[in-house]
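Participant: Quick one, fold the following:
(chains A and B)
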Amino acid sequence: MNFNEKKATRQSFGEALEKLGKEKKNIVVLTADLSVTTKTSLFEASFPERFFNMGIAEQNMLGVSAGMATCNKIPFVSTFAVFATGRAYDQIRNSICYPKLNVKICGTHAGITVGEDGATHQMLEDINLMRALPNMKIICPCDDVETKWAIREASEIDGPVYIRLCRYATPKIYDDNKNFSFGKGVQIGDGTVATIFATGVTVPEALIAQEKLKAEGINVRVVDIHTIKPIDKELIIKCAKETNKLISVEDHSIIGGLGSAISDVLTEEYPKKLVKIGINDTFGKSGKAGELLEYFGLTSKYIIEEVKK
Amino acid sequence: MNDYLKLEKIAKSIRKNVIDMIYKASSGHPGGALSIVDVLTYLYFEEMNVDVQNPKLENRDRLVLSKGHACAALYAVLSEKGFLSKDELSKFRKIDSILQGHPDMKYIPGVDMSSGSLGQGISASIGMALAGKMDKRDYRVYCIVGDGEIEEGEVWEAAMSASHYKLDNFCLIVDNNNLQIDGEISKVMNSYPINEKFKAFGFNVIDIDGHNFSEIDNAFKMAKTNKEKPTAIIAKTIKGKGVSFMENEADWHGKAPNEEQYSIAMKEFKSE
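Facilitator: Predicted structure coming up:
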């Protein structure tokens, strides 16, 4: 993990999209007055004829993208996660998922790590909402390399994909040539004391916890669940069998998020206790992203405490 | 034009099928289906470039029935056109049928967009029109919304975007039958004046009698000559048009006729 190379996944997303736009001429990008913030302005600068600012009207934007997808376009739609999946939920459900249209929904500024904007802008239920939709797939990348893979992978999938992105800069975790597989988690380390399942911004926190525990002679493994739907059942069961404790950590509500998705697998396949660290059925609040991670108990410190309990 | 007689005949046959389908399904939405039959008939039999052999033809004209609950009319038109068998129509809304209670583009040949949640079809059709402009294709996109449906905020977001992007290949039809489920639109949530609203949103607006083929014909021809602006045709219609006891009755929005009512309706279609 390289802390000197920090980047927000929304930035990596913008760069990856611009690059992909050169290769795939049927990619179109839509935004709702947030081109600079969601970094789609990079695509706009290179391909203005394939970029559509739809104004502050998310419901229409998602609906328009559905119509474009019926005409063989691959729309990448970007706005804050809260507006994409919340305000336009019914459009995603009925106009995109039901007809299984090829729309990629890129929700930036997910989670409490949005920071100072506070609760109204901190989306903590998006995984829950998107996970329940038939035909929807979900990717939540944790660093620059994984995000660039995720954007390309989404463009290869035929059907709706929700990509959960963050404003908070995360360290570079993976080598540039790292291979990822859609639907397959990444296991880092093979400690047997505990498995720490993480996704997005909590992956670096889990890795810091792993390092600190290792210094104390406690070996845990970290599993980066970048694809939340379909989830890697096989790896979850394997870790449940091989490790003593199971912990999940996410910048999302513990209701319906990563922890819930893992619980669903465990309940059916290999019943075992899972400790879910996340936002405990409450709204977020204003503050610096780092302070909020601490306030809501999502940092390595709380993961370590849980492992040691 | 002699053609109107032919269109009137087709429309009558479609209305008969609509009632037949809804009766057999014991459910459905006759009122708003009957009100839009003439416009749909005109579009599919006079105006639109569609290919029964190739329903997904890239340069075809597209139609989105945003008021998806009126799909009995669309299915009957598609069947008349040859996209669907008559046998399939009699399975409308049944468990073994592709003909879902609201349009499903995945399985029904000739259906260009799934719809049902009001306000959404107009956005999808704008996406199709934008794609057409991008690809420099000359197809046109038609979208039918209800006058109750335009109470949905998304309709106005969409209207704004249609004129912003100068979509003269886009034509909206407002089925102004004046009734929604709970009664007259002016009493439930007044969306009048409809034409002034669309004018203010940058549309070329044409007011017509939605059951007069001559006026329908003129309106769609005018729409095609209009440049740089989307067109909205406000079609004044009668909910339940063609079945005496259903006409102008909000109660017939979403229920099927019983056996007696069905036979009265069938007699009316024969005698006219």
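Participant: List phi and psi for residue A:76.
Facilitator: Main-chain dihedrals, residue A:76, degrees, to the nearest 10: phi -110, psi 120.
Participant: now it: how far from chain B?
Facilitator: 14 Å (CB to the nearest CB, to the nearest Å). For glycine as for every other residue, the C-beta is placed from the backbone atoms N, C-alpha and C.
Participant: For that residue, grab the count of nearby residues.
Facilitator: Residues lying near residue A:76 (other CB atoms under 10 Å in any protein chain shown) number 29.
Participant: thinking it is in contact with residue A:14, fair?
Facilitator: No - with contact defined as CB atoms under 8 Å, residue A:76 does not reach residue A:14; the gap is 10.3 Å.
Participant: Could you pull out the residues contacting both of those two?
Facilitator: Shared contacts of residue A:76 and residue A:14 (CB atoms under 8 Å, 6 or more residues apart in numbering or on different chains): A:40, A:43.
Participant: burial count for residue A:259?
Facilitator: Neighbours around residue A:259, by other CB under 10 Å: 25.
Participant: Wait, a helix at it?
Facilitator: Yes - Residue A:259 forms part of a helix when assessed by DSSP: H, G, I helix; E, B strand; the rest coil.
Participant: Surely it touches residue A:248?
Facilitator: Yes - contact criterion CB under 8 Å: residue A:259 and residue A:248 qualify, at 3.9 Å.
Participant: Mutual contacts of the two, please.
Facilitator: Joint contacts of residue A:259 and residue A:248 (CB under 8 Å, 6+ apart) are A:197, A:274, A:276, A:277, A:278.
Participant: Chain B next: which of those residues are close?
Facilitator: Near chain B, judged by CB under 8 Å from any CB of the partner chain, there are no entries from these.
Participant: And those, which is closest to chain B?
Facilitator: residue A:278 (30.8 Å; CB to the nearest CB).
Participant: Name the SS class of the closest one, please.
Facilitator: strand.
Participant: Could you do the one 3 residues further on as well?
Facilitator: Local secondary structure at residue A:281 is given as coil here, using three-state DSSP.
Participant: Nearest spatial neighbour of it, chain-adjacent residues omitted?
Facilitator: In this structure, residue A:281 finds its nearest non-sequential neighbour in residue A:255, 6.1 Å apart by CB to CB, 6 or more residues apart in numbering or on different chains.
Participant: could you say which helix or strand contains residue A:248?
Facilitator: Following DSSP states H and E, one finds residue A:248 within strand A:245-253.
Participant: all helices of the stretch 101-250 of chain B, in order?
Facilitator: B:120-134, B:153-164, B:185-188, B:194-200, B:213-225 (DSSP state H, counting those that start in this stretch).
Participant: neighbouring contacts of the shortest one?
Facilitator: With contacts defined as CB under 8 Å, 6+ apart, helix B:185-188 is touched by B:147, B:148, B:151, B:178, B:179, B:180, B:182, B:191, B:192.
Participant: Can you select the buried ones among the shared contacts of residue A:259 and residue A:248 for me in ChimeraX?
Facilitator: Per 16 or more other CB atoms under 10 Å in any protein chain shown, the buried members of the shared contacts of residue A:259 and residue A:248 correspond to this ChimeraX selection:
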select /A:197,274,276,277,278
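Participant: which one of the shared contacts of residue A:259 and residue A:248 is nearest residue A:242?
Facilitator: residue A:197 (13.4 Å; CB to CB).
Participant: That closest one should be in a strand, yeah?
Facilitator: Yes - under three-state DSSP, residue A:197 sits within a strand.
Participant: burial measure for residue B:108, as a count.
Facilitator: 22.
Participant: And residue A:101, how far from residue A:82?
Facilitator: Computed as CB to CB, to the nearest Å, the residue A:101 to residue A:82 distance reads 22 Å.
Participant: residues touching the closest residue to residue A:280 other than its chain neighbours, list them.
Facilitator: With CB to CB, 6+ apart as the criterion, residue A:280 has its nearest non-adjacent residue at 5.9 Å, and that residue is residue A:254. Residues near residue A:254 by CB under 8 Å, 6+ apart: A:260, A:276, A:277, A:278, A:279, A:280, A:281.
Participant: switch the cut-off to 7 Å
Facilitator: By CB atoms under 7 Å, 6 or more residues apart in numbering or on different chains, the contact list for residue A:254 reads A:276, A:278, A:279, A:280.
Participant: Pretty sure the second one sits against residue A:261.
Facilitator: Same thing as residue A:278. No - between residue A:278 and residue A:261 there is no contact under CB atoms under 7 Å: 11.7 Å.
Participant: And the pLDDT at residue A:5?
Facilitator: Residue A:5 is assigned 86 on the pLDDT scale.
Participant: Give the helix, strand or coil label for it.
Facilitator: strand.
Participant: what do you get for the one 5 residues further on?
Facilitator: Under three-state DSSP, residue A:10 falls in the helix class.
Participant: Show the pLDDT at it.
Facilitator: Value for residue A:10, per-residue pLDDT: 89.
Participant: quick one: it and residue A:165 touch, right?
Facilitator: Yes - between residue A:10 and residue A:165 there is a contact under CB under 7 Å: 4.8 Å.
Participant: Could you check which of the two has the larger neighbour count?
Facilitator: Set residue A:10 next to residue A:165 and count neighbours by other CB under 10 Å: residue A:165 wins out with 29 against 25.
Participant: so what's that one up against?
Facilitator: Contacts of residue A:165 by CB under 7 Å, 6+ apart are A:9, A:10, A:13, A:106, A:107, A:108, A:110.
Participant: what about 8 Å?
Facilitator: A:8, A:9, A:10, A:13, A:81, A:106, A:107, A:108, A:109, A:110, A:141, A:147.
Participant: Quick check: closest non-adjacent residue to the first one.
Facilitator: I take that to be residue A:8. residue A:169 (4.7 Å).
Participant: what about that neighbour, how many neighbours?
Facilitator: 17.
Participant: That one contacts residue A:6, doesn't it?
Facilitator: Yes - with contact defined as CB under 8 Å, residue A:169 counts as touching residue A:6 (4.1 Å).
Participant: where does residue A:278 sit relative to residue A:265, distance-wise?
Facilitator: Taking CB to CB, one finds residue A:278 at 17 Å from residue A:265.
Participant: again but with residue A:149, I slipped
Facilitator: 23 Å.
Participant: And for residue B:62?
Facilitator: Applying CB to CB to residue B:62 and residue A:265 gives a distance of 42 Å.
Participant: Check the secondary structure at residue B:63 for me.
Facilitator: Residue B:63 - assigned by three-state DSSP - is strand.
Participant: can you pull the contacts of it?
Facilitator: B:40, B:43, B:44, B:48, B:74, B:112, B:141, B:142, B:143, B:144.
Participant: circling back: pick out whichever of residue A:149 and residue A:265 has more residues nearby.
Facilitator: Counted by other CB under 10 Å, residue A:149 and residue A:265 do not tie: residue A:149 has more neighbours, with 21 against 18.
Participant: Show me what the helix or strand containing residue A:206 is packed against.
Facilitator: Using DSSP H and E, residue A:206 maps to helix A:202-215. Helices and strands touching helix A:202-215, by 3 or more CB pairs under 8 Å, 6 or more residues apart in numbering or on different chains; DSSP states H and E, are strand A:169-172, strand A:194-198, strand A:220-224, strand A:245-253, helix A:300-308.
Participant: Looking at those, which one is packed in the most?
Facilitator: Using mean count of other CB atoms under 10 Å in any protein chain shown, the stretch among the helices and strands packed on helix A:202-215 with the greatest mean number of neighbours is strand A:194-198 (a mean of 29).
Participant: now that strand against helix A:202-215, angle please.
Facilitator: Interaxial angle, strand A:194-198 versus helix A:202-215 (axes from the mean of the first three to the mean of the last three CA atoms, to 10 degrees): 160 degrees.
Participant: Lovely, talk soon.
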